[in-house]
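[1] Starting from these lines, generate the structure:
(2 chains)
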Amino acid sequence: MTTLDRIAPARPNRLSGFAARALKRPAFLAGFAILGASLLLALFPAAIAPYDPLAFDMTAIQQGPSLAHPFGTDGFGRDVLSRVIWAYRVDMQMAFFATVFAMLIGLTTGALVGFYGGIADAIFGRVVDAVITFPFLVLVIAIVAVLGPGLVNMYVAITAVNWVYYARLTRAEIMAQKAQDYAAAARVLGYSDARIIFRHLLPNAISPVIVYWMTDMALAILLGSSLGYLGLGAQPPAAEWGVLIAEGRNFIMTAWWISLMPGIAIVVTGLGFSLLGDSLADLLRPKGR
Amino acid sequence: MLDRHIDAAARPAVLEIRNLTTSFGPQERPLVAVDGLSLSLKAGEIHGLVGESGSGKSITLRSILGLIQPRGRVGGEILWKGRNLAALSERELGAIRGKEIAMIFQEPMTSLNPLLPVGLQITENLAAHTGLARAEREREAVALLDRVGIPGARARLADFPHEFSGGMRQRVMIAIALASRPQLLLADEPTTALDVTIQDQILRLLQSLAAEFGMSVILVTHDMGVVAACCDRVSVMYGGRLCESGPTADVIAAPRHPYTRGLLHSIPRGVAPRTPLYSIPGVPPGLGERPPGCAFAPRCPNALDVCRDEKPVPSVSAGGRGLACHNPEPGPTEETR
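    Reported below is the predicted structural model:
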């Protein structure tokens, strides 16, 4: 045994092991590339976009795709490519902020009710029932209608509904982990509940939540665009894909590119999140551990 | 050996279980998993708790640490250094768990947190129960891993549980449990999931650690061979009740309860190959179907009418032997005295 230890090669870095497995998956690579590019566009739109997204050009109104304007121009002569690129900033933010608070709240609530059960769990169950009775979009629209349109109110509305789904998922995972021997072992070692929940159980329960979060970000972009389209999310003249599609809807027969190009951006970005989420699900699934 | 025996007999009991009753289910129709168990454990003593599956051994261990509440109910007294553990609150128990009383489990494969390196899992216990500084904790973790026989201890601190074999994981579990220098170790079938050579190593390890730290051990097992190999005293359980208890050598040399005899008889010794092995006929009664009299009566070769109707009352005879049987095998005490 000791000799074996001595002659064994230096162990490879654990993270690089994960990366090596990840890099063998085309789906992961594609998702990673799409989101990496999206993130770049969101962070540095000014450097990448060829035109000012808000600048009118009355000499080039509703022009089709050309070399000067690859995605064409809209009714005010604004460059659609530049507006789609600037919209990355808003839509990537939406993907993140509309989901991250829901995830954090859901994770904490789900972990607590899953661990303690009892009355808190029963009450939580009824809250879940109440929330999932309504179609997601209808409930969000109702809350935005009360709060008033705008990005921040949209985040609040989505979070208010969405945390329930994360909490439900986390609760189930925590209950499964709680029944494992190592959870009993931690209890036997006299560790505090907080330590058992957040240090021992939650890290073991978190991977499905992370995967769901990825796909949920794709949904959040769709949802945010839908609300933008309906005039309840981002407000014009801000460039946001849903808003852009709404702007082009009257010209769909004559200037199809105004709505189509942001639509493609939504599909591609959503695909990126889904691909990454799916391959992460495969990668995080424990194998022989 | 003899010195140690006398020594042990003179020491005071650290753990005194009196009439422990653990039940589950509805109050009016309870399922009694442990029924009136009494047991006394001296400092540095290894006490074997033997019985078939479902005889209440593991539940007894879990009752000691208050792990079965709130789903189960614990009655009777569990006196640990003068305090009744059965009456302590969850918070008060938390201060005793891991620090004074530690526990190791049957399945070393699943008893370690798969996501934390083993070094961290040892130092975590040290951080929770000792005042050691970070560097000292690390040094102590290496010393512990070394003590439980893990080669290259320092290099293995950063390894994850899945990088260890079953026997090694059980050693790690023991290292974690011992980190806080507990005075009592509850071992719930620590060797059942391991193969026989590893089993022997682990038992020897437990024995030497108990002697080294003056630690008492309750060793739950269904293997009489394990008991014979390392226990000072043994209690045999059946159907949640105590059948027989006493110094291991005495009980094995002259078992008085028919169930103990059956258990010992089940160990093949000097049997020709391909002969059928002995087993006690029948199966243990389920939790809900315990007979009104002696739990073993339906399977007992010595059963009388009284056995079916009346629970035998445990009695303690000379030599510290306890027995609960209406019709025991004649013991050496009756023959010689």
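
[2] Now the closest residue to B:E45 other than its chain neighbours. Its backbone dihedrals?
    Nearest in space to B:E45, with sequence neighbours left out and distances taken as Cβ to Cβ, 6 or more residues apart in numbering or on different chains, is B:D232 at 4.8 Å. Every C-beta, even on glycine, is put in place using the N, C-alpha and C of the backbone. Main-chain dihedrals, B:D232, degrees, to the nearest 10: phi -80, psi -50.

[3] My guess is B:D232 contacts B:D250. True?
    No: using Cβ atoms under 8 Å as the test, B:D232 is too far from B:D250 to be in contact (11.1 Å).

[4] if you count what's nearby, which of those two comes out ahead?
    Counted by other Cβ atoms under 10 Å in any protein chain shown, B:D232 and B:D250 do not tie: B:D232 has more neighbours, with 22 against 18.

[5] and the more buried one, what pLDDT?
    B:D232 is assigned a pLDDT of 91 by the prediction.

[6] Could you confirm whether whichever helix or strand A:V84 is part of reaches chain B?
    A:V84 is located in helix A:80-116, with elements delineated by DSSP states H and E. No: using Cβ under 8 Å from any Cβ of the partner chain, helix A:80-116 never reaches chain B; the gap is at least 10.5 Å.

[7] avg pLDDT for that helix?
    Helix A:80-116 carries an average pLDDT of 91.

[8] Only the buried residues of that helix, if you could.
    For helix A:80-116, a neighbour-count test (16 or more other Cβ atoms under 10 Å in any protein chain shown) marks A:80-95, A:97-103, A:105-115 as buried.

[9] Just after that helix, pick out the following helix or strand.
    Downstream of helix A:80-116 (by DSSP H and E), the next one is helix A:118-133.

[10] Now do the helices in the chain.
    Since no chain was named, I'll use chain A. A:2-7, A:14-23, A:26-43, A:45-48, A:80-116, A:118-133, A:136-147, A:151-178, A:181-188, A:193-195, A:202-229, A:241-248, A:257-284 (DSSP state H).

[11] look at chain B instead
    In chain B, the segments counted as helices under DSSP H are B:2-10, B:57-64, B:90-96, B:118-129, B:134-147, B:153-156, B:166-178, B:196-213, B:224-230, B:248-253, B:258-265, B:305-309, B:332-336.

[12] And the contacts of the shortest one?
    With Cβ atoms under 8 Å, 6 or more residues apart in numbering or on different chains as the test, helix B:153-156 has contacts from A:5, B:118-119, B:142-143, B:145-146, B:150, B:163-164.

[13] filter the residues you listed to the buried ones?
    Among those, the ones that count as buried (16+ other Cβ under 10 Å) are B:118-119, B:142, B:145, B:150, B:164.

[14] Can you give me the first-to-last residue distance of stretch B:161-169?
    Using Cα to Cα, to the nearest Å, the end-to-end distance of stretch B:161-169 comes out at 7 Å.

[15] That one: how far from the chain's middle?
    Remark: stretch B:161-169 is offset 23 Å from the chain centroid, using Cα atoms, centre = their mean, to the nearest Å.

[16] Could you check that stretch and say which residues are buried?
    So, applying 16+ other Cβ under 10 Å, buried residues of stretch B:161-169: B:161, B:164, B:167-169.

[17] Which pair of those spans the longest distance?
    Spatially, the most separated pair among the buried residues of stretch B:161-169 is B:P161 and B:G167, at 12.9 Å (Cβ to Cβ).

[18] measure B:A324 to chain A for me?
    Distance of B:A324 to chain A, given as Cβ to the nearest Cβ, to the nearest Å: 30 Å.

[19] so where is the chain shaky, pLDDT-wise?
    This is for chain A. Residues of chain A meeting the criterion pLDDT under 70: A:1-16, A:285-289.

[20] was after chain B, sorry
    B:1-11, B:331-337.

[21] got the contact list for the residue in it positioned nearest to chain A?
    In chain B, the residue that lies nearest chain A is B:G98 (3.1 Å; Cβ to the nearest Cβ). The neighbourhood of B:G98, defined by Cβ under 8 Å, 6+ apart, consists of A:188-191, B:125, B:128-129, B:180, B:182.

[22] got the residues you listed as TSV, with neighbour count and distance to B:L157 columns?
    Output for the contacts of B:G98, formatted as TSV (neighbours: other Cβ atoms under 10 Å in any protein chain shown; distance: Cβ to Cβ, whole Å):
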residue	neighbour count	distance to B:L157
A:V188	25	22
A:L189	26	18
A:G190	23	22
A:Y191	21	20
B:N125	25	14
B:A128	18	18
B:H129	21	19
B:S180	19	18
B:P182	24	22
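
[23] Widest-spaced pair of these?
    The span of the contacts of B:G98, defined through Cβ to Cβ, is set by A:Y191 and B:P182 at 14.4 Å.

[24] Which residues of the stretch 151-289 of chain A lie near chain B?
    Contact residues, the stretch 151-289 of chain A versus chain B (Cβ under 8 Å from any Cβ): A:180-182, A:184-192, A:195, A:199-200, A:203-204, A:286, A:288-289.

[25] Go again with 6 Å.
    A:180-182, A:185, A:188-191, A:200, A:203-204, A:289 (Cβ under 6 Å from any Cβ of the partner chain).

[26] residue farthest from the centroid of chain B?
    When distances are taken from the C-alpha mean of chain B, B:A135 lies farthest, 34.6 Å away, according to Cα atoms, centre = their mean.

[27] Residue nearest the middle of chain A, spatially speaking?
    Geometric centre of chain A, nearest residue: A:M217, 1.6 Å, by Cα atoms, centre = their mean.

[28] Find the nearest non-adjacent residue to that one, please.
    Leaving aside its sequence neighbours, A:M217 sits nearest to A:A95 (Cβ to Cβ, 6+ apart; 4.0 Å).

[29] isn't the one you found right next to A:T215, touching?
    No: using Cβ atoms under 6 Å, A:A95 makes no contact with A:T215, being 11.0 Å away.

[30] Tell me who's in contact with whichever residue of chain A sits closest to chain B.
    Closest to chain B within chain A is A:G190: 3.1 Å, counting by Cβ to the nearest Cβ. Going by Cβ atoms under 6 Å, 6 or more residues apart in numbering or on different chains, A:G190 touches B:94, B:97-99.
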